[in-house]
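J.: Please work out how this folds:
(one chain, ligands or ions: 2)
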Amino acid sequence: MYLSKLFIPILKETPSEAKIKSHQLMLRAGMIKQSSTGIYSWLPLGFKVMKKIEKIVREEQNKIGAQELLMPTIQSAEIWKESGRYDDYGEEMLRIKDRQGKEMLYGPTNEELITEIFRASVKSYKSLPQILYHIQWKFRDELRPRFGVMRCKEFFMKDAYSFDLDDEAAKKSYNKMFFAYLNTFKRLGLTAIPMAADTGPIGGDLSHEFVILAETGESKIYSDKRIFDIDINKYNNSDSSIEKLRKEYDNFYAVTDDKFNKNDFDKKVEKEKQLTTKGIEVGHIFYFGDKYSKPLNCSVDLQDGKKVNVKMGSYGIGVSRLVAAIIEAKYSNNVMKWPDQVSPFEVAVIPSLQKNDKSNYLKAEKIYNFLKDSNIDVLLDDTDEHLSAKFKKFDLIGIPHQIILGSKSTDNKLEFKEVNGKTENLSLEEIKNKLVNKRNIN
Ligand code: ATP
Ligand code: MG
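T.: Ligands and ions are numbered 1, 2, ... in the order given. Coordinates of the predicted model:
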């Protein structure tokens, strides 16, 4: 992509309505634009980052055998009346009528709809277990939308649903998802801690919120510091290994507000190992048994002819919230620091321009074409601004690598700068290999 062609409406000033860094930077770098309260358009740069996050989320879902489908955003009120949630959900639900006066709604979540799909086609125990997911827009008429896409009304979510015969099998599905979530967030460059969350009237221990630490987060968290040192690479995707992984997490106290109990905390965690701080919830997994399958009458035939309601769990990841959450976790000195794998571009080629001398620009274009042909997501700065103005822009966008064609580059060795400030002189081939290798690690 040529910078001069890129639609990126950068703002000079920080908009006063933006209270937290990620919101400020996303507006300033032209990633999003508010269209009305809590509703945003995703501009090319922001959309690109979100798509890269979505891809990683999808790959990790597929790895555990979850299957992708796509349910509509608009749902019929009928199934919500069947489950009893049409009234319970309250004002967060956006209710709509079609021209026949039929009650509809913009889906805030999809337990009812997926159960309806499942009950219509699956009749036998032989078809279980099953995990289905989609990545789709949701609408919740939040009372106080704030912090940009962090808490907004229309947001992009991955939601998965598992179907099993009994509690024991359901726990396996739950654990698989637990594993997939840890891997997903790790690939996104985040340390997300599974925190025991409230299961409400369902009971049991199968509900976790995945939280990343951030001062601006809305969740208050209480944990044993040692939980941050768990190395998930020790584990593989077999059921028994994942079970061990869960046990290791269970060893350490880690809860959010609604489960917090001061006596428990003090009893289970020595004072100097206690961590009380704030975090951003980026995902939530939840086992709820037959809460929906029962009222919606979703059952399968067992071998002996008896019928049983399927046991379900649901598993959400805030894909659009993650764009802001990654910024919040990584930025420093007013600069976005994208991890390579989700950065809007992997590398920028930045030539200094001398009037009447096109040679440096032509060299930059050659480098650009070479990297592009090697499938590297590269941006060419073809504008005629001064280098200092160019650097400011790239700092704002936060591209993790720069090839600078200035006084420090020679014909064979190019100045290659990484986001941490490290600068090396490398051949183009070396740069390409470096970028490709980095991508493979992640
Ligand atoms: P919260 O406590 O933040 O309101 P929730 O418990 O309502 O979250 P879930 O229903 O579990 O959230 O949704 C799954 C994920 O969707 C959350 O972990 C979060 O990342 C994301 N999410 C939820 N509400 C919003 C919102 N209003 N704006 C952006 N992302 C959201
Ligand atoms: Mg909510």
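J.: count of neighbours near Arg164?
T.: One thing to correct before we go on: residue 164 is Asp, not Arg. 23 (other Cβ atoms under 10 Å). No exception for glycine: its C-beta is placed from N, CA and C like everyone else's.
J.: meant to ask about Lys262, not that
T.: Neighbours of Lys262 (other Cβ under 10 Å): 8.
J.: Could you see whether ligand 1 lies near whichever strand or helix holds Phe288?
T.: Using DSSP states H and E, Phe288 sits within strand 274-289. Yes - counting by Cβ under 6 Å from any ligand atom, ligand 1 has neighbours in strand 274-289: 281-284.
J.: what is the rounded mean pLDDT of the helix or strand just after that strand?
T.: Note on strand 274-289: by DSSP H and E, the next helix or strand toward the C-terminus is strand 299-301. Strand 299-301 shows a mean pLDDT of 97.
J.: helices or strands up against strand 299-301?
T.: Judged by 3 or more Cβ pairs under 8 Å, 6 or more residues apart in numbering; DSSP states H and E, the packing partners of strand 299-301 are strand 307-309.
J.: for the strand it packs on, packing partners?
T.: strand 299-301.
J.: mean confidence score for stretch 434-442?
T.: Averaging pLDDT along stretch 434-442 yields 82.
J.: Show me what Ile403 is bridged to.
T.: Taking DSSP bridges as the rule, Ile403 bridges to Val349, Phe416.
J.: for the stretch 251-400 of the chain, what spans make up the helices?
T.: For the stretch 251-400 of the chain, helices defined by DSSP state H, counting those that start in this stretch occupy the ranges 262-268, 319-330, 359-373, 387-397.
J.: which one of the ones you listed is the most hemmed in?
T.: Ranked by mean neighbour count under mean count of other Cβ atoms under 10 Å, the helices of the stretch 251-400 of the chain are led by helix 319-330, which reaches a mean of 25.
J.: Could you report the separation of Ile327 from Leu43?
T.: Ile327 is 15 Å from Leu43, where distance means Cβ to Cβ, to the nearest Å.
J.: returning to that earlier point: which one among the residues of strand 274-289 next to ligand 1 gets closest to ligand 1?
T.: Among the residues of strand 274-289 next to ligand 1, His284 lies closest to ligand 1 (Cβ to the nearest ligand atom), at 3.4 Å.
J.: Run a quick check on the closest one versus Glu209, I expect a contact.
T.: Yes - using Cβ atoms under 8 Å, His284 is in contact with Glu209, at 5.1 Å.
J.: more crowded one of these two?
T.: Glu209 (26 against 20).
J.: tell me which strands and helices the strand or helix carrying the more buried one is in contact with?
T.: Assigned by DSSP H and E, Glu209 belongs to strand 207-213. Judged by 3+ Cβ pairs under 8 Å, 6+ apart, strand 207-213 is in contact with helix 167-187, strand 192-196, strand 219-224, strand 274-289, helix 319-330.
J.: Can you tell me which of these is most buried?
T.: Highest mean neighbour count of those: helix 319-330, a mean of 25 (counted as mean count of other Cβ under 10 Å).
J.: That one vs strand 207-213, what angle?
T.: If you take axes from the mean of the first three to the mean of the last three Cα atoms, to 10 degrees, helix 319-330 sits at 40 degrees to strand 207-213.
J.: near ligand 1 at all, helix 319-330?
T.: Yes - under the criterion of Cβ under 6 Å from any ligand atom, ligand 1 is reached by helix 319-330 at Arg321.
J.: what do you get for stretch 141-152?
T.: Yes - against ligand 1, stretch 141-152 shows contacts by Cβ under 6 Å from any ligand atom at 142, 151-152.
J.: That stretch: which residues count as buried?
T.: For stretch 141-152, the buried set under the neighbour-count rule, 16 or more other Cβ atoms under 10 Å, comprises 141-142, 145-152.
J.: Parallel or antiparallel, list what pairs with the strand holding Phe288.
T.: Going by DSSP bridges, the partners of strand 274-289 are strand 207-213 (antiparallel), strand 219-224 (antiparallel), strand 311-318 (antiparallel).
J.: Show the average pLDDT along it.
T.: Strand 274-289 carries an average pLDDT of 96.
J.: Only C-alpha atoms, please: export that strand in PDB.
T.: Extracted C-alpha coordinates of strand 274-289, given in PDB (Å, rounded to 0.1, in the frame of the first residue of the first chain):
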ATOM      1  CA  GLN A 274      -1.300 -10.600  46.700                       C
ATOM      2  CA  LEU A 275      -2.100  -8.500  43.600                       C
ATOM      3  CA  THR A 276      -5.100  -6.200  43.700                       C
ATOM      4  CA  THR A 277      -5.500  -4.200  40.500                       C
ATOM      5  CA  LYS A 278      -7.700  -3.500  37.500                       C
ATOM      6  CA  GLY A 279      -8.200  -5.300  34.200                       C
ATOM      7  CA  ILE A 280     -10.000  -5.400  31.000                       C
ATOM      8  CA  GLU A 281     -12.200  -8.400  30.300                       C
ATOM      9  CA  VAL A 282     -11.500  -9.700  26.900                       C
ATOM     10  CA  GLY A 283     -13.200 -13.000  27.000                       C
ATOM     11  CA  HIS A 284     -15.700 -15.000  29.000                       C
ATOM     12  CA  ILE A 285     -16.400 -18.800  29.100                       C
ATOM     13  CA  PHE A 286     -19.400 -20.200  30.900                       C
ATOM     14  CA  TYR A 287     -21.000 -23.600  31.400                       C
ATOM     15  CA  PHE A 288     -24.700 -23.500  32.000                       C
ATOM     16  CA  GLY A 289     -25.900 -27.000  31.500                       C
END
